[in-house]
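Asks: sequence first, predicted coordinates after that:
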Amino acid sequence: MTSNFPTLVVEDLRTYFYTKAGVVKAVDGISFTVDRGEILGLVGESGSGKTVTGFSIMGLVDPPGRVAGGRILFKGDDIAGLPDDAMRTLRGNRIAMIFQDPMMTLNPVLRIDTQMIEAIKAHNAVSNDEARRRARDILGRVGIPSPDERLKAYPHQFSGGMRQRVSIAIALLNDPDLIVADEPTTALDVTIQGQILYEVQKLCRESRTAMIWITHDLSVIAGLADRISVMYAGRIVESGQVDEVLDRPLHPYTRGLIGSVPSENRRGVPLAQIPGMTPSLLNLPPGCAFRARCPRADNACLTPPEMTLAAPGREVRCFHPHLA
Amino acid sequence: MTAPILELDGISKRFVKSLDLAEKLVALVNPKLREQVVRAVDGVSLHVREREVLGLVGESGCGKSTLGRIIAGILPKSAGTVRYRGNDVDHLDASQARDVALKVQMIFQDPYASLNPRMRVQDIVGEAPLYHGIVTTDGIDDYVAEMLLRVGLDPSYRRRYPHQFSGGQRQRLGIARALAVRPDFLVCDEAVAALDVSIQAQVLNLFMKLREELGLTYLFISHDLGVVQHLSDRVAIMYLGRIVETGPTSELFEKPNHPYTQALLAGVPRLDQRHRRFEPVKGEIPSPLDPPHGCHFHPRCPHAIARCRAEQPRLVDIAPGRLAACHLNDGS
C-alpha cells in the first residue's frame, strides 16, 4: 500500500541553527522528491546547506540546530521530528547514510565483522551465523576481495578506498529504501573514485534504491545522477533533469558554476568566473541571495524570488532566468 | 625553442625508517627485519622551458609533492642533479644559491595552514622582500599594496590577520607572498584543490593573468586532470615515484600512450558525459613501501606481459616531444 508514495518527499524543509550570533538559516524552505531507483544530485558549494539537508533527513541535526519547519515524508509518513527511538528503527535500516569520511561510520577499535553483525542484528532477529553470512555477501558485492578474511580486519588495515567500500557495505546491510550519500568520493583518487561510482551505480540499478548524492562536483553528478537540484545559501535555485540543467541552465548561478568547471573545449581561455563569494548565512542580503554576484540583478531582485515552473519538471528561482 | 629554465636529471628521494634499538636486536636473529625504505621519487628526469606551464599529475602517494618540494629547494634530494638556467644548484656559491632560492617560489595546497595566523598581512607579504633588500622600509607600504592589488585583494586589508579572510582570499595572500620576492618560477602544489568551484575558477584565472603579466613559469602539481588540462602546455604523468609519460597537453589528452594515463583519463568525470557507465581500473594503488617489480603499473594493467613483471620500462621517445615508459611501445 505504501508503494503508491514516492520514497522521499521533502516539503518546505527548514533547518535553523540558533546561535548566540543569531539564527543561521542553513536550510531555508527546500522541496524535492526522490523515487525508487532514482539518483538525485544535490549540488552546492560550501555553506549552501546541502550537508545539513542530508543530516535533517537522517534526523542527525544536533543542537543548537533543529528542523524548524516543513515535512519529510518517507514513503508517505512524516519523519521530521520523529522521537529518537522511532527514528533509530529507520536509520541504518530503511534509510542509510554514507559520509565523506568513512571513519564517521566505522569504529576504529572494533573489527569490521563486529560492526556489521551489530548493525544487522539491531534491526533483524537473525542468528550470528546468518548475520555473518549476510555481511560477507555484501562485502563481496561492493567489490572487496576475499571478504571472509577482510571481515576479521580492523578499519586501519584498509586503504581509503577500501574503507569507503566498507562504509557503503554497512549502508547496504539492511537493503535500505533510501541512501543519503554525502560527498563519498571527494577524498578519493580518480581511479578509486571510478571504482566506487561503478559499484554505486550498479547497486542502485539492481536493487532500485533511491539515492541522494550530495556533492560540489558537477562532473561526477553529470555521469551519475538522473536529476539535479542546485543549492545556494540554503535554498534550491534550480532543479530538473541532468541533461536539461547542464545543457540549458536557467539560473545565473548554475550558469556560473558550469562556466567555472575547466573543460577540454575551453583550454587556455579564462574561465567564466562568478565574482565575489558566498555570503554569510548570518546576514543574508534581503531579496535574492545571489543578487550581489549576479550579472542580471536589478531592482526586482530586492524581493525574494519564488520557485517557479519553467517547463515540465523544470523549476527555477529567479526573476531573470536564461530562457531560450 | 626556448632553453629550459629548469632541468632535472635522475632525481631520487628516499625516506628511510631506521630501526630502533629493540628492532636492531631482533634483526640480529631475524635478518628479514630491515630498514624500510620508501622511494618517493625514483630517478625522475624532466625539464621545464621558460614561460611554460608544466602540469604534474598523479594520484596520492605518487611522489608529486615530494618532487615539487625538491624543486623548490625545501627538501634535500637523495640523488640526481637540479639545474636552474643551466647551473647545477649544488655547485653555486652562497649568494647565487640564495638568488635561485628566491627565484623559485612555492604555493601550497592548504591556505589555512601555510600562513602564520599571528602575523598581519603586511608582514606576511612584506617580511621576505624587506629582509632580502628588494625594498626599503620607506617603500614597503607601497610595495605590499602593489602585491595585494596584483592578486586582486584590497590594499586596505593589510592590517588584517589571516583568519579574517575566506579560503580563496587566503590563497591569493599565499600567491602575493610568493610574488613579493620577484620569482620567475612558481611551484603550485595542489594550489586550487581546497577551494570551491567558483573560487577555484577565480584563482585559476589569476594564475593565467599573472603568467601573462610577469612572464612566469609554472610547475602545476595536481590530481585534477580537468584543471591541469585547462592550464598546462605540457603534462607529465607520475605513478609510484616514476614519470610514466610526458607530452604536450592536447596530444597527450587526445591519444594517451601509457595504459595508466589511459585509465586515468577514462576515469575522469566530465561535465559532458551523462548517465555514463563507469568502467573502473582494477586494483588498488600499491604501497610505495613495497612497489611491484618491473613496471610499477603491471598488476593493474590490462595489457601486461611477462616482460612487464621483470623489467622496468625506460622513458623513451614515442613521437616528437612525447615520452612514455611502456614495454608495449617496443617491437610492434
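Replies: Okay, I see it.

Asks: could I get the full set of strands for the stretch 51-200 of chain A?
Replies: Using DSSP state E, counting those that start in this stretch, the strands assigned to the stretch 51-200 of chain A run over residues A:65-74, A:77-78, A:95-98, A:178-182.

Asks: partner strands of the shortest one, with direction?
Replies: It stands for strand A:77-78. On the basis of DSSP bridges, the sheet neighbours of strand A:77-78 come out as strand A:65-74 (antiparallel).

Asks: what is the helix or strand of chain B with the lowest mean pLDDT packed up against?
Replies: With mean pLDDT, DSSP states H and E as the measure, the helix or strand of chain B carrying the lowest mean pLDDT is helix B:21-29 (a mean of 84). Counting contacts by 3 or more Cβ pairs under 8 Å, 6 or more residues apart in numbering or on different chains; DSSP states H and E, there are no secondary-structure elements packed against helix B:21-29. Yep, even glycine has a C-beta here, placed from its N, CA and C like the rest.

Asks: dump the C-alpha coordinates for it into PDB.
Replies: What follows is the C-alpha trace of helix B:21-29 in PDB, where atoms were taken according to Å, rounded to 0.1, in the frame of the first residue of the first chain:
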ATOM      1  CA  LEU B  21      67.200  -0.300  19.500                       C
ATOM      2  CA  ALA B  22      64.700  -3.200  20.100                       C
ATOM      3  CA  GLU B  23      64.400  -3.800  16.300                       C
ATOM      4  CA  LYS B  24      68.100  -3.800  15.900                       C
ATOM      5  CA  LEU B  25      68.400  -6.500  18.500                       C
ATOM      6  CA  VAL B  26      65.600  -8.500  16.800                       C
ATOM      7  CA  ALA B  27      67.400  -8.000  13.400                       C
ATOM      8  CA  LEU B  28      70.500  -9.900  14.800                       C
ATOM      9  CA  VAL B  29      68.500 -13.100  14.900                       C
END
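
Asks: what confidence value was assigned to A:Ala26?
Replies: Each residue has a pLDDT score; the one for A:Ala26 is 91.

Asks: ok, A:Ala80 next?
Replies: Predicted confidence (pLDDT) at A:Ala80: the value is 87.

Asks: separation between it and chain B?
Replies: With distances taken as Cβ to the nearest Cβ, to the nearest Å, A:Ala80 is found 29 Å from chain B.

Asks: beta partners of the nearest residue to that residue once chain neighbours are set aside?
Replies: Leaving out its chain neighbours, the residue that sits closest to A:Ala80 by Cβ to Cβ, 6 or more residues apart in numbering or on different chains is A:Ile72, at 4.3 Å. Residues found in beta-bridge contact with A:Ile72 (criterion: DSSP bridges) are A:Val10.

Asks: so, low pLDDT: which residues of the chain?
Replies: Since you didn't name a chain, this refers to chain A. Screening chain A residue by residue with the criterion pLDDT under 70, one finds the ranges A:1-3, A:264-266, A:324.

Asks: try again with chain B
Replies: The low-confidence ranges in chain B, as defined by pLDDT under 70, are B:1-2, B:331-332.

Asks: picking that back up, could you identify the helix or strand that succeeds the least confident helix or strand of chain B?
Replies: Toward the C-terminus, helix B:21-29 is succeeded by strand B:36-49 as the next helix or strand (DSSP states H and E).

Asks: in the sheet, which strands lie alongside that following strand, parallel or antiparallel?
Replies: If you go by DSSP bridges, strand B:36-49 pairs up with strand B:4-17 (antiparallel).

Asks: what are the buried residues along the partner strand?
Replies: When neighbours are counted by 16 or more other Cβ atoms under 10 Å in any protein chain shown, the buried residues of strand B:4-17 are found to be B:Pro4, B:Ile5, B:Leu6, B:Glu7, B:Leu8, B:Ile11, B:Ser12, B:Lys13.

Asks: quick revisit: just checking, the residue nearest to A:Ala80 touches A:Asp78?
Replies: Yes - between A:Ile72 and A:Asp78 there is a contact under Cβ atoms under 8 Å: 6.5 Å.

Asks: the residue in the stretch 1-150 of chain A that chain B sits nearest to: what secondary structure?
Replies: Using Cβ to the nearest Cβ, the closest approach of the stretch 1-150 of chain A to chain B is made by A:Glu45 at 4.1 Å. Using DSSP: H, G, I helix; E, B strand; the rest coil as the criterion, the local structure at A:Glu45 reads coil.

Asks: for it, give me its contacts.
Replies: A:His216, A:Tyr232, A:Leu257, A:Thr278, B:Asp196, B:Val197, B:Ser198, B:Ile199 (Cβ atoms under 8 Å, 6 or more residues apart in numbering or on different chains).

Asks: so which of these belong to strands?
Replies: Among the contacts of A:Glu45, the members falling in strands (DSSP state E) are A:Tyr232.

Asks: mind listing the helices for chain A?
Replies: In chain A, helices defined by DSSP state H lie at A:50-58, A:84-90, A:112-123, A:128-141, A:147-150, A:160-172, A:190-207, A:218-224, A:242-247, A:252-260, listed in chain order.

Asks: give the contact list for B:Ala304.
Replies: For B:Ala304, the contacting residues are B:Cys295, B:Phe297, B:His298, by Cβ under 8 Å, 6+ apart.

Asks: ok, for A:Gly240, nearest residue in space, not its chain neighbours?
Replies: The shortest distance from A:Gly240 to any non-neighbouring residue, by Cβ to Cβ, 6+ apart, is to A:Arg314 (4.1 Å).

Asks: what's the distance between the residue of the stretch 1-150 of chain A closest to chain B and A:Ala26?
Replies: Relative to A:Ala26, A:Glu45 is positioned 14 Å away (Cβ to Cβ, to the nearest Å).

Asks: what do these two both touch?
Replies: Any residue near both A:Glu45 and A:Ala26 by Cβ under 8 Å, 6+ apart counts here, and not one turns up.

Asks: just give the number of residues close to B:Arg113.
Replies: Let me fix one detail, which is that residue B:113 is Ala and not Arg. Summarising burial for B:Ala113: neighbours were counted as other Cβ atoms under 10 Å in any protein chain shown, giving 10.

Asks: for B:Asp317, same thing?
Replies: B:Asp317: 10 surrounding residues under other Cβ under 10 Å.

Asks: thinking it is in contact with B:Asn257, fair?
Replies: No - between B:Asp317 and B:Asn257 there is no contact under Cβ under 8 Å: 11.1 Å.

Asks: so A:Asp113 makes contact with A:Arg132?
Replies: Yes - with contacts counted by Cβ under 8 Å, A:Asp113 reaches A:Arg132, the gap being 6.4 Å.

Asks: hang on, the earlier thing: turn the helices of chain A into a markdown table, columns for distance to B:Arg234.
Replies: Compiled in a markdown table, these are given as follows (distance: least, Cβ to Cβ, whole Å):
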| stretch | distance to B:Arg234 |
| --- | --- |
| helix A:50-58 | 37 |
| helix A:84-90 | 54 |
| helix A:112-123 | 44 |
| helix A:128-141 | 42 |
| helix A:147-150 | 41 |
| helix A:160-172 | 29 |
| helix A:190-207 | 20 |
| helix A:218-224 | 23 |
| helix A:242-247 | 30 |
| helix A:252-260 | 24 |
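
Asks: now render those helices as a markdown table, adding mean neighbour count and distance to B:Ala128.
Replies: Listed next are the helices of chain A as a markdown table, based on neighbours: other Cβ atoms under 10 Å in any protein chain shown; distance: least, Cβ to Cβ, whole Å:
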| stretch | mean neighbour count | distance to B:Ala128 |
| --- | --- | --- |
| helix A:50-58 | 24 | 39 |
| helix A:84-90 | 13 | 55 |
| helix A:112-123 | 19 | 50 |
| helix A:128-141 | 17 | 53 |
| helix A:147-150 | 14 | 51 |
| helix A:160-172 | 23 | 36 |
| helix A:190-207 | 20 | 36 |
| helix A:218-224 | 23 | 38 |
| helix A:242-247 | 19 | 44 |
| helix A:252-260 | 23 | 32 |
